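Visitor: Sequence plus predicted model, see below.
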There are 2 protein chains.
Amino acid sequence: MLSDAPLDNVLPQLNFSLITGIKHFIVENTRSARRFLRQCDRSIDIDSLTFYTLDEHTRPDEIAPMLDPLAQGHPMGVISEAGCPAVADPGTDVVAIAQRRGYSVYPLVGPSSILLGLMGSGFNGQSFAFNGYLPREKGERAAKLREMRSRIARERQTQIFIETPYRNNRMVAELCASLPGDMLLCVACDVTAPQASITTKTIAAWNKSRYDFDKRPAIFLLFS
Amino acid sequence: MLSDAPLDNVLPQLNFSLITGIKHFIVENTRSARRFLRQCDRSIDIDSLTFYTLDEHTRPDEIAPMLDPLAQGHPMGVISEAGCPAVADPGTDVVAIAQRRGYSVYPLVGPSSILLGLMGSGFNGQSFAFNGYLPREKGERAAKLREMRSRIARERQTQIFIETPYRNNRMVAELCASLPGDMLLCVACDVTAPQASITTKTIAAWNKSRYDFDKRPAIFLLFS
C-alpha cells in the first residue's frame, strides 16, 4: 500500500479483484487499510470486513489467534502501510505461522522501494543485501559501514539501507564525510510518486552537490 | 516480463500506458519483447519501434551507443525476460551509463521472484541478501554455504539464492544432506503463475517430503 500514487500506477488489476473475495484482514493501521480498500473497490461493504491490527505494539502471543479464520476456511489478507508486507514492514510473523500450519501463502505484486531503488541505481543486481536501519550507536554504526564496504569490495555485493526520513540529509552528509570519494552512493527518493528521483553519484560529486531529502521516504544504496 | 501469467495479474496499468510513449527499447530478446509489447497494447505499431539487443553476448563497448536516442530526447525502455531488469537480469550496465550521463531513470513496478519469495517465506525481511547462483566448484560451494549459515546465525540475515531449474531437485537434496535438521528452507516456485507454491519447512521435514521442482523457476531461501 502506498498513499501518494494512484493505485493503478503501482498495483496490478489482479490485486483489486482478489481483495473483493477476502473478508478478514491483518493490517498495520485499520484506518488507512479501510481507505485503501475503498480505493481498490468503491462498492466494497467495509462494515462486513473484520480487521486485526498488527503493528510494533502487537505482542507475539496475540498473532497466532489472528489466523483462526483460516482454520474455518476463510482466506485472509495482510496489508502494511509503506511497502510490501513482510519486507521491511510488518507481516513476517503472520506468514511464518501460516507456513508452520501448512496454509498456502500468495504474495501479491506491488511496489518495493528496495527493489525499485536497486533497479534504478545501476548497481549489482546479481548480489545485494538489504540491511534495514544502520545502528545508531557511533561505534556500531562505524563497524557496520566498514562491514558494508568490505562486502562491496570483496563480494561485489550492493549494500542497501534506510534511515528515518527526517535524518536523510544528515545521513548523506555522514556518508560524504566517512566514505572514499570514488565510492558510489545512490539515493532513491519517493520512488513510486510523480516526484520520484533516483540519483547515483560518486561521494566526491555528492560532496559538491546541493540536495534535500528531508522527510521524503528514501532508500540508500552503496557500491563501487 | 513474465510469460505464464496474464499481464494484468502482475503489472500495473501505468506500465501499459507508459509503454505506448516509447519507441526505443533495449531488450534481452527481440522476439519475446515484440510479443510482450503486443500484449500490452493490441494496437501498437511494432514496425515503428527500434530494438537494441542486450544479452550475455553483448560486448561492454556495444552498450553505450544504445543510449544515443536519449541524447536526441527520446525516452527509452529496458525489457528483460524473466524478472525485473537489472535485478538478476540484464539492464544494470545500461542504467549505470544513464546515471553517469545524468538521465532520469524510472523503474516500473513488476514481479520479482526474489521479493515475492521473501514475502511468502516468513523469514526476516528487515535484513536479507540475494546471492545469485551458488559457485559450482565443490570447495567454493561449501564455503559459500558456510558463509550463508554464519550470516543467518550472527546477523539474522535471510539468505536467498537461485539454481538452474533442471538442477532444482538436486539442490534441495544437497541442502538436506549438508544443513542441520532444524534450519528452515523455503522453496518458492512459479511465484506469479496459477501453480505457484511457496513452502517453508525445516530441513528435517524436507528430508521426509516428496517434492518435484524440476525445470520450474524457483528461488531458495534459508533462515533459522
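Guide: That came through fine.
Visitor: which phi and psi does the residue positioned nearest the centre of chain A have?
Guide: With distances taken as C-alpha atoms, centre = their mean, A:Gly83 lies nearest the centre of chain A, 4.0 Å away. Backbone geometry at A:Gly83, expressed as degrees, to the nearest 10, gives phi -150, psi -150.
Visitor: Which residue is the nearest non-sequential neighbour of it?
Guide: Closest residue in space to A:Gly83, ignoring its immediate chain neighbours: A:Asp89 at 4.7 Å, by C-beta to C-beta, 6 or more residues apart in numbering or on different chains. (Glycine included, C-beta is placed from N, CA and C.)
Visitor: Let me see the contact set for the one you found.
Guide: A:28, A:80-83, B:125 (C-beta atoms under 8 Å, 6 or more residues apart in numbering or on different chains).
Visitor: picking up where we left off before, so how far is A:Gly77 from the residue nearest to the centre of chain A?
Guide: A:Gly83 sits 16 Å away from A:Gly77, going by C-beta to C-beta, to the nearest Å.
Visitor: re the thing from before, going by distance to A:Ile19, which of the contacts of A:Asp89 wins?
Guide: Nearest to A:Ile19, judged by C-beta to C-beta, of the contacts of A:Asp89 is A:Ser80 at 14.3 Å.
Visitor: Could you check how far that closest one is from B:Ile203?
Guide: According to C-beta to C-beta, A:Ser80 stands 30 Å off from B:Ile203.
Visitor: Where do the domain boundaries of chain A fall?
Guide: A:7-100, A:113-223 (automatic domain parsing).
Visitor: Helix or strand next in line after the lowest-mean-pLDDT helix or strand in chain A, which one?
Guide: Taking mean pLDDT, DSSP states H and E as the measure, the helix or strand of chain A with the lowest value is helix A:7-10, at a mean of 89. Once the chain leaves helix A:7-10, the next helix or strand it forms, by DSSP states H and E, is helix A:13-19.
Visitor: Run the contact check for that next one versus chain B.
Guide: Yes - Helix A:13-19 lies within reach of chain B by C-beta under 8 Å from any C-beta of the partner chain, at A:13-14.
Visitor: what's the average pLDDT for the helix or strand just after that helix?
Guide: Note on helix A:13-19: by DSSP H and E, the next helix or strand toward the C-terminus is strand A:24-27. Strand A:24-27 carries an average pLDDT of 96.
Visitor: that older thread, filter the contacts of A:Asp89 down to the buried ones.
Guide: By neighbour count, with 16 or more other C-beta atoms under 10 Å in any protein chain shown, these hold A:28, A:80-81, A:83, B:125 as buried.
Visitor: May I ask which of the residues you listed comes out lowest in pLDDT?
Guide: Out of these, that is A:Gly83, at 80.
Visitor: The residue located most distally from the centre of chain A and A:Thr50: what is the separation?
Guide: Distance to the chain centre peaks in chain A at A:Gln72, reaching 31.2 Å (criterion: C-alpha atoms, centre = their mean). According to C-beta to C-beta, A:Gln72 and A:Thr50 sit 12 Å apart.
Visitor: Over to A:Leu179?
Guide: If you go by C-beta to C-beta, the gap between A:Leu179 and A:Thr50 works out to 49 Å.
Visitor: Pick out whichever of those two has more residues nearby.
Guide: A:Leu179 (21 against 12; other C-beta atoms under 10 Å in any protein chain shown).
Visitor: Could you tell me which residues make contact with the more buried one?
Guide: Counted by C-beta under 8 Å, 6+ apart, A:Leu179 has contacts A:145, A:149, A:185, A:203, A:222.
Visitor: what helices or strands is the helix or strand where the second one lies leaning on?
Guide: In this structure, A:Arg149 is located in helix A:138-155 according to DSSP H and E. Using 3 or more C-beta pairs under 8 Å, 6 or more residues apart in numbering or on different chains; DSSP states H and E, the elements in contact with helix A:138-155 are strand A:128-133, strand A:158-162, strand A:218-223.
Visitor: So which of those is nearest chain B?
Guide: strand A:128-133 (4.0 Å; C-beta to the nearest C-beta).
Visitor: Now that closest one: average pLDDT?
Guide: On average, strand A:128-133 scores 97.
Visitor: A:Tyr52 pairs with what?
Guide: The partner list for A:Tyr52 in beta bridges (DSSP bridges) reads A:Ile26.
Visitor: circling back: among the domains of chain A, which comes closest to B:Phe16?
Guide: Here domain A:7-100 is closest among the domains of chain A (C-beta to C-beta), at 9.8 Å.
Visitor: Thank you, goodbye.
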